[in-house]
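[1] I would like the atomic coordinates for the input below:
(chains A and B)
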Amino acid sequence: MKRKTFLSGLLEYGGLVLVLVLLVSVFSLATDHFLQWQRLQIIANQMPVPIMVAVGMTFVLIIGGIDLSVGSLVALSSAMFGLVITNWGGNVWMAVPLCILVGTLCGLINGTISVAFRIPAFIVTLGMLELARGATKVATDSRSIYLGKTVEGLDAPLPWLGLSPAILLALATVIIGQLVLTRTVFGRYCIAIGTNEETVRMSGVSTKPYRIAVFAGSGFLCALAGWAYVAKHQTVDPNAATGIELAAIAACVIGGTSLMGGRGNVVCTFIGVVIISVLQSGLAQMGVPDAGKQMITGLVIIVAALIDVIRIRLTGGKTQ
Amino acid sequence: MSQPTRFRARGLTKRYGKIEVLHGIDLEVGAGEIHALLGANGAGKSTLVKIIAGLIRPDLGLMELADQAYAPNGKQQSESAGVQIVQQELSLIPNLSIAENIFFTKLPSRFGWVRYRTLHRDAAIALKRFGLHDLDPRTPTSTLGVGQQQMIEIAAALNQDCRLLILDEPTAALTATETDHLFTWLGELRQQGVSMIYISHRLEEISRLADRISVMRDGRMIGTYQASELTKQQTIDLISGTPEEASADKPAFEQADPQTASVKPFTSYAQANPLMSVEGLCGSKIQDVHLTLHRGERLGIAGLVGSGRTELLRAIFGADRCTNGSITVGKVRRQLGFQHPKQAVDAGIAMITEDRKHDGLLLSQSVQSNLSLASLKHRFSRFGLIKRQHERLSGSQIQQQLQIKSAGLEQSVNTLSGGNQQKVVVGKWITHQPEIYLFDEPTRGIDVGVRNRLYDLFESLAQQGRGLVIVSSDLQELMETCDRIAVMNAGRLMSVFTRGQWSEEQLLQASFDASASSDETAVEGQA
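    Down below sits the predicted model:
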């Protein structure tokens, strides 16, 4: 029994880890300084925002939903720092709660409207994407606001580790997310709802609160990402995190999350984010222009989806 | 059989991954022959007919149709060769009308525009031929009950050029009249020289209909026999492969034979105190239903397909809204019943739904996840964390108790056979330990072995003082297993029969009579 779960675990993560190792080896051979602790630190310190957003997205996709508003929610919640610090003369610790509150609230609105009125999440979150981005521009007066070193806290690398608290926070969301998904009633219900919501309902479970909570959770994680964003750039940017929703979905897909719902894994999503980040910075270091980076990243996403389908067929899942 | 051979298969073999599910199957079907294919769940019948119908390809083996090599790749090729299949799973397109579904592959058209007038006229003729004249061909199939949908599906298959017709459990959702219509129709087709492969678990049907019988077991063909030469007992032993198969020991037969199970004395565990009472319940398709379920009682609900049996269970379970009436469970009386299945489950009610793939199972998930789905919160968690050891322990107990055949609790449910899937659905609720079980067609499309196991389960649940409501189209089944049988009819619960005071004729009579008299109210109710 133990062995079997180990084997299936290997099958689950093995392919992704293999791809990652391959990428790192290729880049180490092709460039001079890729596999250096410093270089890897830089890559790692870039990842908190996409990791946290993708963790939330994994849950949203598992219940069969989608959240297109994540980029705007990151921007809007990070804009709270600008409001509190420059406009109201507050400090970072007054800004953080407001940032979290705004992000979570927007997620809650996404969930409530799509669940209560049975509007596809695609449409509601598309609306929120525009709404929150517009609100961000109002809050920032459509200008970048430099906040200075006071907000750097989360991003300042810990001297004994070289990594920032932000990446540790992001890793914590991965671990907690995975535990919630696999070990809690909430996680089990999410997978069940994504598989067949009617079955869950007919098993005596009210599914609506769970679906709303997942969107609220996604909003909460966007707010954390917004905080990490401000810490990293020390700036509030009305155009922050534009297009990150697609990067997050791509990471989930590379990690084997089904867009149809019912299947996903937070750790795999995390590896997906790492693969994209390594790919991006490795290609950049090789001197590949942006256009080429974009094309290669797109290719990787499609190949990942193909591999996933083949893997499911091989392991005897239902092929359809 | 003196007829020439219409269809011949040699050495058909099919593997899924490493598992071989068909081991070199041979089969011959004559022209104008009804050839019954029997076997327990998981024997490989469905796989075999799917190969014949071109839905899946064999790994080995050859087929011939009318002395021509036949190797269909896809449903279109098999259909153009004249092979039609009506599967257990409904394959109608719900948003299209009856007419569009029947003529789906050859819609009458001019320059690409569908000629609806011709279509509806032809469809009406097709429906009439099949005894379905009360259906409007323009109706979307999604609004029909499962039984009616099944009839439409058969009508659609029969409406095409057909040399070999494959019917997989066609009567599972049909009522007695509908079944009679179907049989007459099949008889006519035989006269016209159409060959048929007929899968059914109902042995009476087989003896009524079949010319020859082929029996499969564990992916092998056991043999082909003249229908007239096999007794029911022999057939059942061939299917189940009991050791008594070789020896002709009479008493051993009798135990294995479900047909004589009514000989086995019925013990009633019904007590006097009521568990649930339903008063004046109204909802979509049900009207003013009164019923009382006692502790330890097995209450059957008979009635024609579309008479509101499923709707009644759904209304009690809180899955559909009630417009009037009340439900009392224990001492709590609830006006308008339950608002959500959650409330019903919390009050101790379980519902085993008719269509397990639609709302009974999480198909792509593991046996374990399915078994604990209804009880996760109450039994297997603390502070929201799942107690996995606890869950697994209960899972393996249930698996053992119901003899769910799977390669462990982690196997995904969609790889199990229909019977085992049904056991998982039942197991989900046994795990929850409710007081009241609502069964909707629990044995539909399920082989004799699993069926008898379910009957035993009904009995032991009753013995524990639980109350069971069992909806079934199989009167024999209700008469074997129930203390009382209520007959539903156009949304009303008309008459209730007590054990010993019923006969099949009376029950049928009640299903039909009232439907004639209360037709008008049913129409009013819908309007």
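
[2] near chain A, which residues of the stretch 251-400 of chain B?
    If contacts are counted using C-beta under 8 Å from any C-beta of the partner chain, the residues of the stretch 251-400 of chain B sitting beside chain A are B:317, B:319, B:340-342, B:344-346, B:351, B:353, B:358-365, B:369, B:373-374, B:376-377, B:381, B:384-386, B:388. C-beta: built from backbone N, CA, C; applies to glycine.

[3] now do the SS call for B:Thr224.
    For B:Thr224, the reduced secondary structure class is strand; criterion used: DSSP: H, G, I helix; E, B strand; the rest coil.

[4] burial of it, as a residue count?
    Applying other C-beta atoms under 10 Å in any protein chain shown, we find 16 residues neighbouring B:Thr224.

[5] before we move on, the earlier item: quick one, which of the residues of the stretch 251-400 of chain B next to chain A are buried?
    In terms of neighbour count (16 or more other C-beta atoms under 10 Å in any protein chain shown), the buried residues within those are B:317, B:319, B:340-342, B:344-345, B:351, B:353, B:359-365, B:369, B:373-374, B:376-377, B:381, B:386.

[6] could you list which residues are in contact with the residue in the stretch 151-300 of chain A positioned nearest to chain B?
    The nearest approach of the stretch 151-300 of chain A to chain B comes at A:Gly204, 2.7 Å away (C-beta to the nearest C-beta). The contact partners of A:Gly204, by C-beta atoms under 8 Å, 6 or more residues apart in numbering or on different chains, come to B:341-342, B:344-346, B:374, B:432.

[7] how does it look with 6 Å?
    Each residue near A:Gly204 by C-beta atoms under 6 Å, 6 or more residues apart in numbering or on different chains is listed here: B:341-342, B:345, B:374.

[8] just to revisit the earlier point, in strands, which of the buried ones among the residues of the stretch 251-400 of chain B next to chain A appear?
    Residues of these located in strands (DSSP state E): B:351, B:381, B:386.

[9] from those residues, which is closest to chain A?
    Proximity of these to chain A, judged by C-beta to the nearest C-beta, is greatest for B:Ser381, which lies at 4.8 Å.

[10] quick check: beta-bridge partners of that closest one?
    Here B:Ser381 shows beta-bridge partners B:Ile386, assigned using DSSP bridges.

[11] what's the neighbour count on residue 53?
    Picking chain A for this. Taking other C-beta under 10 Å as the criterion, the count of residues near A:Val53 is 32.

[12] can you look at chain B instead?
    22.

[13] again with A:His233
    For A:His233, the number of neighbouring residues by other C-beta under 10 Å comes to 18.

[14] distance of it relative to A:Val138?
    Remark: distance between A:His233 and A:Val138 (C-beta to C-beta, to the nearest Å) = 20 Å.

[15] what do you get for A:Gly217?
    As judged by C-beta to C-beta, A:Gly217 and A:Val138 stand 26 Å apart.

[16] so which of the two has more stuff around it?
    Comparing A:Gly217 with A:Val138 by other C-beta under 10 Å, the one with more neighbours is A:Gly217, at 22 against 11.

[17] give me the nearest residue to the residue of the stretch 151-300 of chain A closest to chain B, chain neighbours excluded.
    Nearest residue to A:Gly204, sequence neighbours excluded (C-beta to C-beta, 6 or more residues apart in numbering or on different chains): B:Val345, at 2.7 Å.

[18] repeat that for B:Arg57.
    Once its chain neighbours are removed from consideration, B:Arg57 has its nearest residue in B:Asn73; the separation is 6.7 Å (C-beta to C-beta, 6+ apart).

[19] ditto for A:Leu101
    Nearest in space to A:Leu101, with sequence neighbours left out and distances taken as C-beta to C-beta, 6+ apart, is A:Ala223 at 7.8 Å.

[20] which SSE is the one you found in?
    Element membership for A:Ala223, per DSSP states H and E: helix A:208-233.

[21] quick one: buried residues of that helix?
    Of all the residues in helix A:208-233, those buried under the rule 16+ other C-beta under 10 Å are A:210-233.

[22] likewise stretch A:115-128?
    Per 16+ other C-beta under 10 Å, stretch A:115-128 contains these buried residues: A:115, A:121, A:124-128.

[23] can you name the two of the residues you listed that are farthest apart?
    Every pair in the buried residues of stretch A:115-128 was compared (C-beta to C-beta); the two farthest apart turn out to be A:Val115 and A:Leu126, at 16.1 Å.

[24] for chain A, what lies in contact range of chain B?
    Within chain A, the positions adjacent to chain B are A:183-185, A:192, A:195-196, A:198-199, A:201-204, A:206, A:262, A:316, A:318 by C-beta under 6 Å from any C-beta of the partner chain.

[25] where's the dip in pLDDT among the residues you listed?
    Across the set of these, A:Lys318 stands lowest in pLDDT, at 41.

[26] helix, strand, or coil at the residue nearest the centre of chain A?
    Per C-alpha atoms, centre = their mean, the C-alpha nearest to the average position across chain A is that of A:Ala54, at 1.6 Å. Local secondary structure at A:Ala54 is given as helix here, using three-state DSSP.

[27] likewise B:Leu493?
    Going by three-state DSSP, the state assigned to B:Leu493 is strand.

[28] do I have it right that it meets B:Val289?
    Yes - taking contact to mean C-beta atoms under 6 Å, the distance of 4.7 Å between B:Leu493 and B:Val289 places them in contact.

[29] circling back: assign the residue of the stretch 151-300 of chain A closest to chain B to helix, strand or coil.
    With three-state DSSP as the criterion, A:Gly204 reads coil.

[30] distance of it relative to B:Lys75?
    Per C-beta to C-beta, A:Gly204 is found 39 Å from B:Lys75.

[31] who wins for neighbours among the residues of chain A next to chain B?
    For those, neighbours were counted by other C-beta under 10 Å; the highest total belongs to A:Ser203, with 31 neighbours.

[32] next one: that residue from B:Lys387, what distance?
    As defined by C-beta to C-beta, A:Ser203 lies at a distance of 18 Å from B:Lys387.

[33] tell me the confidence at whatever residue of chain B ends up closest to chain A?
    Minimum separation of chain B from chain A (C-beta to the nearest C-beta) falls at B:Val345, amounting to 2.7 Å. On pLDDT, B:Val345 comes in at 95.

[34] on the three-state scheme, the residue nearest to B:Gly39 when sequence neighbours are not counted is what?
    If the residues on either side of it in the chain are set aside, B:Gly39 comes closest to B:Met216, at 3.7 Å by C-beta to C-beta, 6+ apart. Of the three states, B:Met216 takes strand under three-state DSSP.

[35] quick one: the helices in the stretch 101-250 of chain A, in order.
    When secondary structure is read from DSSP state H, counting those that start in this stretch, the stretch 101-250 of chain A shows helices at A:121-140, A:165-183, A:185-195, A:197-202, A:208-233, A:244-254.

[36] nearest to B:Ser417, out of those helices?
    Between B:Ser417 and those, the shortest separation by C-beta to C-beta is 18.9 Å, and it involves helix A:197-202.

[37] other SSEs contacting the closest one?
    On a contact count with 3 or more C-beta pairs under 6 Å, 6 or more residues apart in numbering or on different chains; DSSP states H and E, helix A:197-202 meets helix B:356-359.
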